[in-house]
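Visitor: turn this into a model:
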Amino acid sequence: MLTALLYVFIVALVGAILFLAASAVFGRGEELAPLPRGTTATVLPAYDVTGSDVAALRFQQTLRGYKASEVDWALERLGREIDSLRQQLDAAQGATSVSFDKQ
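Guide: Alright, predicted model coming up:
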């Protein structure tokens, strides 16, 4: 019985030493501090959103799907970008039709 207890103690001691050595060499594995509560890692450019930007979007997953606030933010941002592009297109088409009317 004493021999088995001694083996368990030695295995635990070797495991603890290996764990401490690996922790000292490799660190905790976290390079960045965790995000503050209420913020997100979901990113879109401030303007000129491209298809690849939308394809690269990643949302935080929760128990029942994606985090709703992140999806709502992305949809709002994409909606503003579409509205801005439509205004620019309307302005460009209006300027073109005005120049053709003058001729």
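
Visitor: may I see the buried residues of stretch 69-89?
Guide: 70, 74, 77, 81 (16 or more other CB atoms under 10 Å). C-betas here are computed from N, CA, C, even on glycine.

Visitor: check those residues and tell me the two furthest apart.
Guide: Using CB to CB, the buried residues of stretch 69-89 span at most 16.6 Å, a distance reached by Glu70 and Glu81.

Visitor: show me the contact partners of the lowest-mean-pLDDT helix or strand in the chain.
Guide: Taking mean pLDDT, DSSP states H and E as the measure, the chain has strand 61-62 as its least confident helix or strand, at a mean of 72. Applying CB atoms under 8 Å, 6 or more residues apart in numbering, the contact partners of strand 61-62 are Lys67.

Visitor: what strands line up against whichever helix or strand comes after it, and which way round?
Guide: Heading C-terminal from strand 61-62, the first helix or strand you meet, by DSSP states H and E, is strand 65-66. Note on strand 65-66: by DSSP bridges, its sheet partners are strand 61-62 (antiparallel).

Visitor: for the record, mean pLDDT for the helix or strand in which Arg77 is found?
Guide: Assigned by DSSP H and E, Arg77 belongs to helix 68-102. Here helix 68-102 scores 81 as its mean pLDDT.

Visitor: make 81 the first number, not 1, from now on.
Guide: Shifting the count to begin at 81 puts that one at helix 148-182.

Visitor: how far off centre is it?
Guide: Here helix 148-182 is found 26 Å from its chain centre; the criterion is CA atoms, centre = their mean, to the nearest Å.

Visitor: before we move on, what about stretch 137-149?
Guide: 10 Å.

Visitor: report the separation between Gly145 and Phe99.
Guide: 37 Å (CB to CB, to the nearest Å).

Visitor: do Phe106 as well
Guide: 11 Å.

Visitor: that'll do, ta.
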